[in-house]
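Participant: give the three-dimensional model of this entry:
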Amino acid sequence: MKQLPLAIGAIGDGPEQSFASYLAGPNAAALAHLQGGGVQRAPVNYLWGASGAGKTHLLHALARQTRAQGRRSGWFEPAAPLPWTLDEAWSLLLIDDCQALDEARQHAAFALFVDAATHGIPLAAAGRVPPVDLPLREDLRTRLGWGPVFALQPLAEAEMRAALRREADRRGVFLSDEVMDYLLTRFERNLKPLMAQLDRLDRFSLANKRAITVPMLKLMLAEEGAP
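Facilitator: Numbers count the residues shown, from 1 in each chain. Prediction:
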């Protein structure tokens, strides 16, 4: 009989979403700007890059930093239900996955932008493409490019290994070099799906009361299928 694993935070929702846990790699300038208070000195800040580059991680890190300072922030994304309204008590406005905003949410985001500017609340946003290439209404697209824009680059293999190792250590599991090699060979070399596989592995090993090994990884794929 399989043991049901204890509920653990999904990758991206746990305590690792902080500036301290972000592996900057080639994105040191973006990290320094966000962590050092650059967001408060510019009305708009925009991050762009491929999936897995760390955009959402950095936005959550900003929200975490804001809470730690005793202030509040507002978070919006394409899945957030309407209406979108601004709280004047916020110190920061965050919008993720800008490229996926539908027409109604583009209108809502523009209204938020105007209200935030009126009350002096800075905006940090992220998308997969630079502002000029966003498939959005022109007035919103141009405003997202008004401030600092950072292109986030994917991590090199050594940096991805370090990120996987650190997440495994945080979970209290041992990730051998053989398992790491298999993950990097078998799956896309993108941190987001690799972290998702580590999450699956952790849960599968708990359910089966077995250490994480390559045979166990193969068994998981045989039973649950590839992503």
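Participant: wait, what's in contact with Leu134?
Facilitator: For Leu134, the contacting residues are Cys98, Gln99, Gly127, Leu140, Arg141, Leu144, by C-beta atoms under 8 Å, 6 or more residues apart in numbering. To be clear about C-beta, it is placed using only N, CA and C from the backbone, and glycine gets the same treatment.
Participant: can you rerun that using 7 Å?
Facilitator: The contact partners of Leu134, taken as C-beta atoms under 7 Å, 6 or more residues apart in numbering, are Cys98, Gln99, Gly127, Arg141, Leu144.
Participant: spatially nearest residue to it (excluding sequence neighbours)?
Facilitator: Arg141 (4.8 Å; C-beta to C-beta, 6 or more residues apart in numbering).
Participant: would you agree the one you found is in contact with Val129?
Facilitator: No. Look at Arg141 against Val129 with C-beta atoms under 7 Å: they stay out of range, at 10.2 Å.
Participant: who has more neighbours out of those two?
Facilitator: Comparing Arg141 with Val129 by other C-beta atoms under 10 Å, the one with more neighbours is Arg141, at 19 against 14.
Participant: which strand or helix spans the more buried one?
Facilitator: Per DSSP states H and E, Arg141 falls inside helix 138-144.
Participant: which helices and strands does the helix or strand that comes right after that helix pack with?
Facilitator: Where DSSP H and E defines the elements, the next helix or strand beyond helix 138-144 is strand 149-151. Judged by 3 or more C-beta pairs under 7 Å, 6 or more residues apart in numbering; DSSP states H and E, strand 149-151 is in contact with helix 28-35, strand 44-48.
Participant: so of these, which one's packed in deepest?
Facilitator: Burial of the helices and strands packed on strand 149-151 is given as mean neighbour count (mean count of other C-beta atoms under 10 Å); strand 44-48 ranks first at a mean of 24.
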